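K.L.:
This is a predicted model, with the sequence first.
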There are 2 protein chains.
Amino acid sequence: MSISSRFSVGIHILALIEINKNGISTSEFLAASVNTNPVVIRKIIGMLKNAGLVKARPGIAGAELAKELSDITLFDVYKAVNVVQEKELFTVHDNPNPECPVGRNIQKTIGPLFTSAQLAMEKVLKSLTLEDVVKDISTKENIC
Amino acid sequence: MSISSRFSVGIHILALIEINKNGISTSEFLAASVNTNPVVIRKIIGMLKNAGLVKARPGIAGAELAKELSDITLFDVYKAVNVVQEKELFTVHDNPNPECPVGRNIQKTIGPLFTSAQLAMEKVLKSLTLEDVVKDISTKENIC
DNA sequence: ATTACTTGTAATCATAGTAATTACAATTTA
DNA sequence: TAAATTGTAATTACTATGATTACAAGTAAT
């Protein structure tokens, strides 16, 4: 199991819109950088738009950021592209046997433990912003 | 996306083997509690066995714990049942365009960030043991 | 030794999510 | 009006999951 690449592609899109802010970031342009199909990009941009992270309008070429870079956390992107549902990073098997002491308690016992692990991961995503990503890319570019 | 229920089933199996330690935990018995097929249980027990967490032998009915409860962390189970690969909780899209500043850096920039988020989650799993799980189940049982 | 039971494993199947792709309506600009 | 772009729907191939059937191999009891 692995979390969908919509997340990494979403980050890629946002970073590139920023770095290309003097140009026009069409879905075709972004797709060429990500190396995928423009429709895939438009679908993800649609999700980023619903989350208020980018602006885009039918017929008008190019997407723009709707927020400051430092105001967009990786958690915002993660939620926007809908890769993991709340409290559902881990699956807990359903319908365990209620006539067994373990079966009738396992879900309520394991649930909070799994949630706390998920929250720890998400806390890290909340601490990171698109600005961190763009700065790191800029640094790597200057070195090369 | 959600992490396979092999993980929660693995925990269920280990907890039930402990709680049923005076009885014989056959795959059929365990399957009845989990509410799944005995073959699914045997496959997971095979993984737990490879990881040194349980003992089981062909022809001999019942699986037993191979370690103390307090010596088995949820991380041990998580690794045993192979639900998430190292550094691969998140997918990073491959083949981004090397002729774009973002494309040629995104993987090395995002990779460590994703890994740190994954490690934070795994750190929580390392802090929890099967003993915690069994104690919680026992507590819930006594109240009811 | 034969019978009954169990583990271990392979193979098959239905289902769900992913990512790529084609197609096209609706919108804007030149 | 023509060209370009966004936004969607529909289709396809692929992969992982979990359930299931089938069966070989091992063990224990009579």
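P.N.:
Done, it's in.
K.L.:
could you pull out the strands for chain A?
P.N.:
A:54-57, A:60-65 (DSSP state E).
K.L.:
Would you tell me whether the first one gets close to chain B?
P.N.:
No - between strand A:54-57 and chain B, judged by Cβ under 8 Å from any Cβ of the partner chain, nothing touches; the nearest distance is 15.3 Å. In short, each C-beta sits where N, CA and C put it, glycine included.
K.L.:
in its sheet, what does that strand sit against?
P.N.:
Using DSSP bridges, the strands paired with strand A:54-57 are strand A:60-65 (antiparallel).
K.L.:
show me the contacts for the residue lying closest to A:A117 once chain neighbours are set aside.
P.N.:
Excluding the flanking residues, the one nearest A:A117 by Cβ to Cβ, 6 or more residues apart in numbering or on different chains is B:V124, at 4.1 Å. By Cβ atoms under 8 Å, 6 or more residues apart in numbering or on different chains, the residues touching B:V124 are A:L113, A:S116, A:A117, A:A120.
K.L.:
Could you tell me which of these count as buried?
P.N.:
By neighbour count, with 16 or more other Cβ atoms under 10 Å in any protein chain shown, the contacts of B:V124 hold A:L113, A:A117, A:A120 as buried.
K.L.:
Restrict the longest helix seen in chain A to CA atoms and write it as PDB.
P.N.:
Longest helix in chain A, counting residues (DSSP state H): helix A:106-126. The C-alpha trace of helix A:106-126 is given here as PDB (Å, rounded to 0.1, in the frame of the first residue of the first chain):
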ATOM      1  CA  ILE A 106     -10.600  -4.900  19.200                       C
ATOM      2  CA  GLN A 107     -12.100  -2.000  17.200                       C
ATOM      3  CA  LYS A 108     -12.400   0.300  20.100                       C
ATOM      4  CA  THR A 109      -9.000  -0.700  21.400                       C
ATOM      5  CA  ILE A 110      -7.100  -0.400  18.200                       C
ATOM      6  CA  GLY A 111      -8.900   2.600  16.700                       C
ATOM      7  CA  PRO A 112      -7.400   5.300  19.000                       C
ATOM      8  CA  LEU A 113      -4.000   3.800  18.700                       C
ATOM      9  CA  PHE A 114      -4.100   3.900  14.900                       C
ATOM     10  CA  THR A 115      -5.500   7.500  15.000                       C
ATOM     11  CA  SER A 116      -2.700   8.700  17.200                       C
ATOM     12  CA  ALA A 117      -0.100   7.200  14.800                       C
ATOM     13  CA  GLN A 118      -1.900   8.900  11.900                       C
ATOM     14  CA  LEU A 119      -2.000  12.200  13.700                       C
ATOM     15  CA  ALA A 120       1.700  12.100  14.400                       C
ATOM     16  CA  MET A 121       2.300  11.700  10.700                       C
ATOM     17  CA  GLU A 122      -0.100  14.600   9.800                       C
ATOM     18  CA  LYS A 123       1.500  16.800  12.400                       C
ATOM     19  CA  VAL A 124       4.700  16.700  10.400                       C
ATOM     20  CA  LEU A 125       2.900  17.600   7.300                       C
ATOM     21  CA  LYS A 126       1.300  20.500   9.100                       C
END
